[in-house]
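In: sequence? don't have it. structure:
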Ligand SMILES: Cc1cc2nc3c(=O)[nH]c(=O)nc-3n(C[C@H](O)[C@H](O)[C@H](O)COP(=O)(O)OP(=O)(O)OC[C@H]3O[C@@H](n4cnc5c(N)ncnc54)[C@H](O)[C@@H]3O)c2cc1C
Ligand code: SF4
Ligand code: SF4
Ligand code: SF4
């Protein structure tokens, strides 16, 4: 049994931020949780699924984030407490429904947890979900440490029920994936009764239907929605997670939130500025508690904003300052706009230190000499400089090899529209730089569908889209439907590696099990594509010759959308892990190395980390510790020098 | 010799649309491959001086060096190339009766060369549908299957590279003039490989005014005839100006004016109509579609042709002088056109690595002044 459902009050546990969020949800008595995997959010649903039976929860990995919010909303409509979880890009996907949900309102407490990824450590962009809270006109909370990550969740549920609307809680990578001590609270009972009361009058929030307004009467719904937001702002004035630390009249006021509050404290401490600098750490960041903010602004002349990604705190606090200027006087502001802090990428204590040192030049001398390149530089200096690449034995490397070669042989300037998954690396030499467009989930196929229709403008380049199995269900199916219906002649390549590999093998609608590990109907992508009307081929990407041939034939096949399913489980999949199919070795006698006839194809171009170039002997060899035993490299070696022997079982 | 690598080959030949797709750079290494008549560089190779560049007949072809290597004298611009004799030829009674392009001389020579042990393997060109297919064969029975001309350029020499990689020697090769040029460059051991031995024993060249681009030809024909019913394609010698497509159930003719646009641009730079660097060259006898013109060029070519005649594989007749006039005129014309075009593009004795041909300037002048 997981310690996360430990009854004991007041005991401390070392928790990852995402686990703290889970414990918070459990203490809040959450009943239903749904999400779509995405780093850094994935552990929340996974961890909840492990205690689902014990705590009588319904937990699911949904097909996409929009569906996840819809599933969670249903629970709320039926009076339960529900949680939906995603990474920031997921909020984009869910935003359509969210906009309507925010206007229809909720019943049981409903909390949307989004884990943002400043610095885009595992994302294709460092999108910003805080701005959504404004667009959606819903309250936003940002925990500043691990204890708060837990404590803020029950508080958010309570708030949601008070204002009858969804509440957004935003974490960031360093909080979700960092760990700290968390003191537990108590767990409620596990019985819950669901009923959707919906037969009352149209506009009755307690008993009526829950609809997004159908009449041109914004005052009926938008008005009440804004009232809810005002109510939240009032509650935020006394939110226990907004804290201030420092002198009554600081020389500089730092306004910060989230993980940046830790960086701020650290920097102030290192420079010994505790008596001169005050830190207003806000957890309720939209709508801002105006009175609280004004009070602190009044006490300081200079203000520094410490926040990541888009300067939203900065903007909103400045508005308050402007409105209150007559009362509190003019202020000097530092932050992203003044250039004291960078406007892209993650922050860290060093960057805050730099900003403080510019504002307090005299204090800069107290900066410890021990960190010349900065505190956070150290780990980076010890990580080897190596290009990003696919794992040893990864089917994507083999797939891209064949895609690249098929397009090169086809010779009409064909290209690949990329999509989201490990296979984004198709843009890099790891994937032979085959991918030429890359945006969001499902967009590869949509963009390809559009390219396919440009033939009438003289574009005869073959168009290919890659798409993972999970991405297929998430958002690529509508694009495929579009392409088929519009007769767009593109080739969709389904990189079917049997799971949502990038984020840790969460099941998707094509999987035979659900998040609890129970048997679930697996949707058959091949049948789906066929019945949608596509011409479908299947190949094992490890069979390089057949895969290339099939793809070339599809590229030539003129009309309509075509699908090539490349099926091979991920090298890290549970079914493959630690199991080598082949014992692979290089015959040094036959290896042509750098000579005419090879020019180190395996180590220079193919690039599996399992192959290494022996500079001294001028031959390639297998690094047995790394080689996953897929044996694909034996098929690319022109000299037959890479030898594979099936491992006896 | 100016010698470079795959990168220069790709820019100066493939990207400049000079590549004819002969296959000389294919299967030497994993970098070049051929697909439906087109050669592509798959990945950049880091070797600075490669065989691909050295063998390619569309870059840095040193005509003097080749002629010296084959005949011990410089290139002189003779329209028909260096030769020891010219004959009217056809297959003899020892050769199985079947469909040949013309007199079956090529098939007859190859079959004999196998039977006599002169060659142990042959590099030929079959077809799969309309697509020409390089073939390495080791039995005379397989020579018959490769008969008939495929009028599209073919990556035939990839099969030669494959055979050499496997260590085969004593090979017969049948190819168009550009292919034969590539073969002669291979035979010269441009990489100075120690212990190198000429792997060829008989190189048979085909006359060629131009070849067709496979992809364009296929698209064209697909709109005209059922491709799977084609049994033979022919371009009868002048004065006819047609391409004939024999179908299982009839024949279609297309005026050459409709076919010429399907010729790749690179053929316009080519100065060689009669495969001057072969041991023997074979074309269709003008005025007699069932006979061949056979040009004998080297000692070993002459020996094998004579033996084949003696053993009943080949029937040879002296070629009357006056019959040669038109051939000479046509070959001379192609030579002038090819050199003129190449010179205009700065590709005769031009920049290293970007030049098509090298030859003595006086000789070039001679070609232009001829007649
Ligand atoms: C592209 C092309 C253009 C030609 N142009 C002319 C011309 O303008 N004037 C002229 O007199 N003759 C030309 N010929 C030659 C002619 O068509 C006959 O091949 C030649 O006369 C030999 O006839 P045969 O009866 O001996 O051939 P067969 O005994 O039928 O044997 C034909 C041989 O040609 C080889 N071959 C077929 N297609 C190709 C190809 N695409 N590339 C390389 N080898 C191939 C086969 O391997 C086979 O061995 C051309 C041939 C080709 C392939
Ligand atoms: S591909 Fe083969 S020949 Fe080339 S370096 Fe690697 S092992 Fe050696
Ligand atoms: S077999 Fe080759 S390609 Fe596969 S993991 Fe080992 S080194 Fe890499
Ligand atoms: S060798 Fe032949 S196939 Fe290769 S680039 Fe030259 S002409 Fe093209």
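Out: Structure's in. What do you need? Only a predicted model underlies this, so the values are computations on that prediction, with no experimental measurement involved. Ligands and ions are numbered 1, 2, ... in the order given.
In: alpha carbons only for contacts and neighbour counts from here, please
Out: Fine.
In: ends of stretch A:624-635, what's the gap?
Out: Length of stretch A:624-635, first residue to last, C-alpha to C-alpha, to the nearest Å: 18 Å.
In: next one: stretch B:5-18
Out: For stretch B:5-18, the first-to-last residue distance is 16 Å (C-alpha to C-alpha).
In: ok, residue A:183 to ligand 2 distance?
Out: 56 Å (C-alpha to the nearest ligand atom, to the nearest Å).
In: apologies, that question was intended for residue A:534.
Out: From residue A:534 to ligand 2 the distance is 37 Å (C-alpha to the nearest ligand atom).
In: how close does that residue sit to residue A:487?
Out: 10 Å.
In: shared neighbours of those two, anything?
Out: Taking C-alpha atoms under 8 Å, 6 or more residues apart in numbering or on different chains as the criterion, residue A:534 and residue A:487 both touch A:560-561.
In: show me which of those two is the more surrounded one.
Out: residue A:534 (24 against 16; other C-alpha atoms under 10 Å in any protein chain shown).
In: for the more buried one, give me the pLDDT.
Out: Per-residue pLDDT puts residue A:534 at 95.
In: from the stretch 151-300 of chain B, which residue is nearest to ligand 3?
Out: Proximity of the stretch 151-300 of chain B to ligand 3 (C-alpha to the nearest ligand atom) peaks at residue B:165, 23.1 Å away.
In: right, I mislabeled it, should have said the stretch 1-150 of chain A
Out: Closest point on the stretch 1-150 of chain A to ligand 3, by C-alpha to the nearest ligand atom, is residue A:122, at 23.7 Å.
In: how about the stretch 1-150 of chain B?
Out: Closest point on the stretch 1-150 of chain B to ligand 3, by C-alpha to the nearest ligand atom, is residue B:30, at 16.1 Å.
In: now do the SS call for that residue.
Out: Three-state call for residue B:30 (DSSP: H, G, I helix; E, B strand; the rest coil): coil.
In: what distance do you get for the closest residue to it other than its chain neighbours to ligand 2?
Out: Leaving aside its sequence neighbours, residue B:30 sits nearest to residue A:638 (C-alpha to C-alpha, 6 or more residues apart in numbering or on different chains; 6.0 Å). Distance from residue A:638 to ligand 2, counting by C-alpha to the nearest ligand atom: 6 Å.
In: ok, now which ones touch residue A:638?
Out: With C-alpha under 8 Å, 6+ apart, residue A:638 has these contacts: A:597-598, B:29-30.
In: just send the residues you listed back as TSV, with neighbour count too.
Out: Formatted as TSV, the contacts of residue A:638 follow (neighbours: other C-alpha atoms under 10 Å in any protein chain shown):
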residue	neighbour count
A:597	23
A:598	21
B:29	25
B:30	19
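In: returning to what we had before: okay, now the residue of the stretch 1-150 of chain A closest to ligand 3: neighbour count?
Out: Applying other C-alpha under 10 Å, we find 16 residues neighbouring residue A:122.
In: which parts of the stretch 51-200 of chain B sit against ligand 4?
Out: B:56-58 (C-alpha under 6 Å from any ligand atom).
In: what kind of secondary structure is whichever residue of the stretch 251-371 of chain B sits closest to ligand 2 in?
Out: Nearest to ligand 2 in the stretch 251-371 of chain B, going by C-alpha to the nearest ligand atom, is residue B:353, at a distance of 26.3 Å. Of the three states, residue B:353 takes coil according to three-state DSSP.
In: quick check, residue A:474 in a helix?
Out: Yes - with three-state DSSP as the criterion, residue A:474 is part of a helix.
In: correct me if wrong: it contacts residue A:441.
Out: Yes - in this structure residue A:474 lies within contact range of residue A:441 using C-alpha atoms under 8 Å: 7.3 Å.
In: chain B contacts on chain A?
Out: Residues of chain A lying near chain B by C-alpha under 8 Å from any C-alpha of the partner chain: A:404-405, A:408-411, A:594-599, A:601, A:605, A:636-638.
In: so which of these are in helices?
Out: Mapping the residues of chain A next to chain B onto helices (DSSP state H) picks out A:404-405, A:408-410, A:636.
In: need those residues in CSV (columns: neighbour count).
Out: Shown next, in CSV, are those (neighbours: other C-alpha under 10 Å):
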residue, neighbour count
A:404, 24
A:405, 25
A:408, 23
A:409, 24
A:410, 23
A:636, 19
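In: nearest to residue A:199, of those residues?
Out: The nearest member of these to residue A:199, counting by C-alpha to C-alpha, is residue A:404 at 58.8 Å.
In: please look at the closest one and residue A:436 and confirm they touch.
Out: No - with contacts counted by C-alpha under 8 Å, residue A:404 stays clear of residue A:436, the gap being 11.7 Å.
In: sorry, back to before: with the contacts of residue A:638 in mind, which one is nearest to residue B:22?
Out: residue B:29 (15.5 Å).
In: what sits against the closest residue to that closest one other than its chain neighbours?
Out: Nearest residue to residue B:29, sequence neighbours excluded (C-alpha to C-alpha, 6+ apart): residue A:597, at 4.2 Å. Residues counted as contacts of residue A:597 (C-alpha under 8 Å, 6+ apart) are A:638, B:28-30.
In: out of these, which comes closest to residue A:613?
Out: Closest to residue A:613, out of all of the contacts of residue A:597 and judged by C-alpha to C-alpha, is residue A:638, at 16.0 Å.
In: for the closest one, give me the pLDDT.
Out: 96.
In: circling back: helices - which of the residues of the stretch 51-200 of chain B next to ligand 4 land there?
Out: With DSSP H as the criterion, helices contain none of those.
In: okay, now the domains of chain A?
Out: A:3-236, A:243-366, A:395-567, A:582-646 (automatic domain parsing).
In: bridged to residue 252, which residues?
Out: Just going to use chain A. residue A:277, residue A:302 (DSSP bridges).
In: try again with chain B
Out: The partner residues for residue B:252, given DSSP bridges, come to residue B:245.
In: that one and residue B:224: what is the separation?
Out: Counting by C-alpha to C-alpha - residue B:252 and residue B:224 are separated by 9 Å.
In: hey, what's in contact with both of the two?
Out: Counting by C-alpha under 8 Å, 6+ apart, nothing touches both residue B:252 and residue B:224.
In: okay, now the unreliable bits of chain B?
Out: B:1, B:370-371 (pLDDT under 70).
In: would you map the helices across it?
Out: B:6-9, B:51-55, B:63-71, B:105-115, B:140-145, B:157-165, B:177-187, B:214-222, B:256-259, B:299-310, B:324-344, B:361-369.
In: those helices: which one's closest to residue A:77?
Out: Among those, helix B:214-222 comes nearest to residue A:77, with 61.7 Å by C-alpha to C-alpha.
In: now check that closest one, is it near ligand 4?
Out: No - Helix B:214-222 stays clear of ligand 4 (C-alpha under 6 Å from any ligand atom), getting no nearer than 13.2 Å.
In: so how far is that helix off the chain centroid?
Out: 21 Å (C-alpha atoms, centre = their mean, to the nearest Å).
In: what sits up against that helix?
Out: B:36-37, B:130-131, B:152-153, B:227, B:262.
In: what do you get for stretch A:354-364?
Out: For stretch A:354-364, contacts defined as C-alpha under 8 Å, 6+ apart pick out A:267-268, A:271-273, A:340-341.
In: quick one, which of those residues are buried?
Out: A:267-268, A:271, A:273, A:340-341 (16 or more other C-alpha atoms under 10 Å in any protein chain shown).
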